[in-house]
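Student: any chance you could fold what I've pasted below:
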Amino acid sequence: MVLADLGRKITSALRSLSNATIINEEVLNAMLKEVCTALLEADVNIKLVKQLRENVKSAIDLEEMASGLNKRKMIQHAVFKELVKLVDPGVKAWTPTKGKQNIIMFVGLQGSGKTTSCSKLAYYYQRKGWKTCLICADTYRAGAFDQLKQNATKARIPFYGSYTEMDPVIIASEGVEKFKNENFEIIIVDTSGRHKQEDSLFEEMLQVANAIQPDNIVYVMDASIGQACEAQAKAFKDKVDVASVIVTKLDGHAKGGGALSAVAATKSPIIFIGTGEHIDDFEPFKTQPFISKLLGMGDIEGLIDKVNELKLDDNEALIEKLKHGQFTLRDMYEQFQNIMKMGPFSQILGMIPGFGTDFMSKGNEQESMARLKKLMTIMDSMNDQELDSTDGAKVFSKQPGRIQRVARGSGVSTRDVQELLTQYTKFAQMVKKMGGIKGLFKGGDMSKNVNPSQMAKLNQQMAKMMDPRVLHHMVCDFLGEKIASVLGISTPKYQYAIDEYYRMKKEVCAFLYPFNSVEITNRFTKMYCIIVWFLNIKWFKDVIFQFSKNLSMSTHFLLY
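Tutor: Presented below is the predicted three-dimensional model:
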């Protein structure tokens with residue numbers, strides 16, 4: 001993601017404060033110069049950049065600051081606050097109401113990604129449990145209905161359109177009426193785009209809007225035009241009642257920062273951003289989490305929301321198995337399904353503090369997802385006895401002919417099947433050891449269920465599952481130490497947490513990149529399963545959520 005370049009430059013500028021022996025006016029000005037240069041390179045309006053600089057300078061008075069205060073943290077806090085303000089329109093975005101019919105109308109210039117965004121929005125709400133549908137009222141562009149039809153069919157979303165009717169008002173009205181009668185909750189209407197801001201475009205939009213009476217008019221905007229977005233957004237807002245904005249193509253252009261800040265300047269709330277071509281390359285836009293992820297600070301609440309979509313709380317059978325240290329190939333298959341449902345690897349990694357959205361390249365990510373699908377295909381060729389055995393690897397070792405049968409059925413080599421069984425054995429061993437720790441899977445406060453020595457034992461056991469440099473630092477030092485300090489189980493010094501975390505990040509990068517994509521996939525797969533399993537445990541999810549909610553901004557910067 002190109003915005004990650006902006007995030008890296010700003011983060012580098014903020015970290016320069018840590019290298020300075022004394023924090024004075026000269027150091028502050030040098031840091032602000034780096035931040036402002038990075039913003040200008042991202043095509044942010046010079047007036048907005050100048051305002052950000054002035055606001056930080058006015059908020060930080062080094063001469064008047066008390067000697068006991070941490071100047072570095074206060075400066076970082078002020079910069080973070082101003083960056084949030086830069087992309088925050090200060091207007092609450094429209095949200096659909098459950099139990100009623102919400103009509104959403106899309107408008108925008110041709111080529112901005114309007115039809116694709118319609119499909120992405122419908123898919124997003126469908127995954128959230130809403131009854132969604134699509135209507136193609138774009139009669140101007142050849143192939144518009146075919147494109148929407150293809151996207152909707154792939155995502156299994158009901159759609160409506162016509163190859164013969166040329167009046168968009170009639171198509172939109174008929175489609176809305178049809179889906180209203182079928183009690184759909186989210187009705188999305190795609191309209192025609194134009195190459196220029198022609199009067200006929202606005203007239204047609206007004207006619208469609210008057211006919212269907214939408215609850216929300218969404219303007220779709222291409223990020224590649226940068227700060228020119230402001231003029232476009234204002235032009236549309238003056239003509240029609242635009243309530244929300246979706247900014248697309250943020251993954252391919254260096255002007256994304258300018259586009260986001262320009263739209264915010266029009267006081268139009270951005271509700272989603274498009275970060276790729278795939279249907280799940282689509283993220284809700286929330287100002288503070290967005291800046292947090294941009295600077296590599298993660299989004300723990302967003303990660304929890306992703307896991308909540310999987311409805312893991314309903315899986316009591318899995319919890320019961322984990323209590324007794326049991327883990328089958330079918331359980332492993334279900335965990336892989338959960339990983340696939342969580343979305344692209346880079347999206348999830350961006351939610352983990354310290355890992356940016358560009359930590360994994362697009363090529364490696366696609367290859368990793370393909371490999372995960374390959375492992376699932378292998379398991380699709382297994383029978384119930386093999387999938388449900390509490391010692392699946394033993395079943396295959398006793399009868400080697402099973403490996404050949406599964407390999408033929410899934411179209412892979414016997415080596416691929418053996419590799420899957422090796423991975424399964426490691427997972428099963430880890431689960432068995434976790435099940436042996438009393439109180440781990442009980443609800444309530446972890447400190448009452450698991451004593452510090454048991455937690456330390458768990459960390460040691462889990463570290464055996466993967467190279468210690470990856471897993472120990474990722475799970476033990478990052479999650480274990482910080483959560484333990486919040487719960488009062490142990491009280492490590494904050495500086496220790498900082499040193500360990502940055503050391504972990506450096507070593508993870510050094511450890512992963514020399515390996516090929518297959519080995520990287522194995523490591524990330526294991527990390528994903530650990531995250532999913534831990535968030536499946538109620539106490540862990542509650543603690544993480546409370547931890548992220550109670551974290552002050554200054555402490556946020558201190559830890560991340």
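
Student: wait, residue 220 touches residue 105, no?
Tutor: No. When contacts are counted by C-beta atoms under 8 Å, residue 220 is not listed as touching residue 105 (11.0 Å). C-beta: built from backbone N, CA, C; applies to glycine.

Student: low pLDDT regions in the stretch 201-350 of the chain?
Tutor: In the predicted model of the stretch 201-350 of the chain, residues 201, 252-255, 296-316, 318-319, 322-323, 342-350 satisfy pLDDT under 70.

Student: typo on my end, it should be the chain
Tutor: Residues of the chain meeting the criterion pLDDT under 70: 1-4, 64-69, 194-201, 252-255, 296-316, 318-319, 322-323, 342-368, 430, 433-560.

Student: for it, which segments are assigned as strands?
Tutor: For the chain, the strands defined by DSSP state E cover 102-108, 132-137, 159-160, 186-191, 216-222, 244-248, 270-274, 282-284.

Student: want to throw those strands into TSV with distance to residue 329 and mean neighbour count?
Tutor: Formatted as TSV, the strands of the chain follow (distance: least, C-beta to C-beta, whole Å; neighbours: other C-beta atoms under 10 Å):
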stretch	distance to residue 329	mean neighbour count
strand 102-108	42	25
strand 132-137	34	28
strand 159-160	38	23
strand 186-191	37	28
strand 216-222	44	25
strand 244-248	41	26
strand 270-274	37	22
strand 282-284	32	20
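
Student: those strands: which one's closest to residue 74?
Tutor: Closest to residue 74 of the strands of the chain is strand 270-274 (C-beta to C-beta; 28.9 Å).

Student: got the contact list for residue 168?
Tutor: 137-139, 191-192, 204, 207-208 (C-beta atoms under 8 Å, 6 or more residues apart in numbering).

Student: got a ChimeraX select line for the buried ones in those residues?
Tutor: Only the buried entries of the contacts of residue 168 go into this ChimeraX selection, using 16 or more other C-beta atoms under 10 Å:
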select :137,138,139,191,192,204,208
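
Student: going by distance to residue 424, which of the contacts of residue 168 wins?
Tutor: Residue 424 has its nearest neighbour among the contacts of residue 168 in residue 138, at 48.5 Å by C-beta to C-beta.

Student: any idea how far residue 54 is from that closest one?
Tutor: Remark: distance between residue 138 and residue 54 (C-beta to C-beta, to the nearest Å) = 45 Å.

Student: do residue 379 as well
Tutor: For residue 379 relative to residue 54 (C-beta to C-beta), the value is 59 Å.

Student: higher neighbour count, these two?
Tutor: More crowded of residue 379 and residue 54, by other C-beta atoms under 10 Å: residue 379, with 20 against 12.

Student: now do the contacts for that one.
Tutor: By C-beta under 8 Å, 6+ apart, the neighbours of residue 379 are 329-330, 332-333, 387, 420.

Student: could you work out the most separated pair of those residues?
Tutor: Comparing every pair within these by C-beta to C-beta identifies 330 and 420 as the most remote, at 13.2 Å.

Student: sorry, back to before: ok, the contacts of residue 168 vs residue 171, which is closest?
Tutor: Residue 171 has its nearest neighbour among these in residue 137, at 4.8 Å by C-beta to C-beta.

Student: need the distance between the two termini of stretch 87-97.
Tutor: End-to-end span of stretch 87-97 (C-alpha to C-alpha, to the nearest Å): 26 Å.

Student: returning to what we had before: what sits in contact with each of residue 220 and residue 105?
Tutor: Between them, residue 220 and residue 105 share no contacting residue under C-beta under 8 Å, 6+ apart.

Student: re the thing from before, between the contacts of residue 168, which is nearest residue 372?
Tutor: Of all the contacts of residue 168, the one sitting nearest residue 372 is residue 138; the distance, using C-beta to C-beta, is 35.7 Å.

Student: leaving aside the residues adjacent along the chain, what's closest to the closest one?
Tutor: With C-beta to C-beta, 6 or more residues apart in numbering as the criterion, residue 138 has its nearest non-adjacent residue at 3.9 Å, and that residue is residue 144.

Student: now for the one you found, how many residues are close by?
Tutor: Number of residues near residue 144 (other C-beta under 10 Å) recorded here: 21.

Student: tell me the contacts of it?
Tutor: By C-beta under 8 Å, 6+ apart, the residues touching residue 144 are 115, 136, 138, 190, 192.

Student: okay, the residues you listed in a markdown table with distance to residue 413 next?
Tutor: Supplementary listing: these in a markdown table, determined by distance: C-beta to C-beta, whole Å:
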| residue | distance to residue 413 |
| --- | --- |
| 115 | 41 |
| 136 | 45 |
| 138 | 47 |
| 190 | 45 |
| 192 | 51 |
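
Student: closest to residue 151 out of those residues?
Tutor: Nearest to residue 151 out of the contacts of residue 144 is residue 115 (C-beta to C-beta; 7.4 Å).

Student: I figured that closest one was touching residue 148, is that so?
Tutor: Yes. Using C-beta under 8 Å, residue 115 is in contact with residue 148, at 5.4 Å.

Student: find the residues that touch each one of those two.
Tutor: Here residue 115 and residue 148 share the contacting residues 136, 138, 190, scored by C-beta under 8 Å, 6+ apart.

Student: what sits closest to the first one if chain neighbours are left out?
Tutor: Of all residues beyond its chain neighbours, the one nearest residue 136 is residue 161 (3.6 Å), with distances taken as C-beta to C-beta, 6+ apart.

Student: can you check the last one too?
Tutor: With sequence-adjacent residues excluded and distances taken as C-beta to C-beta, 6+ apart, residue 190 is closest to residue 118, at 4.6 Å.

Student: would you confirm that that neighbour contacts residue 188?
Tutor: Yes. Contact criterion C-beta under 8 Å: residue 118 and residue 188 qualify, at 5.2 Å.

Student: shared neighbours, those two?
Tutor: Residues touching both residue 118 and residue 188 by C-beta under 8 Å, 6+ apart: 106, 134.

Student: from residue 128, how far out is residue 137?
Tutor: The spacing between residue 137 and residue 128, counted by C-beta to C-beta, is 24 Å.

Student: rewinding a little: and which of the shared contacts of residue 115 and residue 148 is nearest residue 93?
Tutor: For the shared contacts of residue 115 and residue 148, the nearest to residue 93 is residue 190 (20.2 Å; C-beta to C-beta).

Student: who is the closest one paired with across the strands?
Tutor: Note on residue 190: beta-bridge partners by DSSP bridges are residue 106, residue 136.

Student: picking up where we left off before, list only buried entries from the contacts of residue 379.
Tutor: Counted by 16+ other C-beta under 10 Å, the contacts of residue 379 give 329-330, 332-333, 387, 420 as buried.

Student: among the residues you listed, which are in helices?
Tutor: 329-330, 332-333, 387, 420 (DSSP state H).

Student: could you export the residues you listed as a markdown table, including distance to residue 82?
Tutor: A markdown table is the format used below for these (distance: C-beta to C-beta, whole Å):
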| residue | distance to residue 82 |
| --- | --- |
| 329 | 52 |
| 330 | 51 |
| 332 | 46 |
| 333 | 47 |
| 387 | 54 |
| 420 | 50 |
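
Student: which one of those residues is nearest residue 263?
Tutor: residue 333 (42.7 Å).

Student: re the thing from before, would you confirm that the residue nearest to residue 136 contacts residue 148?
Tutor: Yes. Contact between residue 161 and residue 148 holds when scored by C-beta under 8 Å: they sit 6.6 Å apart.

Student: neighbour count: the two, which is higher?
Tutor: More crowded of residue 161 and residue 148, by other C-beta under 10 Å: residue 148, with 26 against 21.

Student: ok, now how distant is the closest residue to the more buried one other than its chain neighbours from residue 171?
Tutor: Spatial nearest neighbour of residue 148, excluding adjacent residues (C-beta to C-beta, 6+ apart): residue 136 at 4.4 Å. Residue 136 sits at a distance of 7 Å from residue 171 (criterion: C-beta to C-beta).

Student: ok, now residue 24?
Tutor: Counting by C-beta to C-beta, the gap from residue 24 to residue 171 is 66 Å.

Student: then residue 49?
Tutor: Residue 49 sits 45 Å away from residue 171, going by C-beta to C-beta.

Student: for residue 241, same thing?
Tutor: From residue 241 to residue 171 the distance is 21 Å (C-beta to C-beta).
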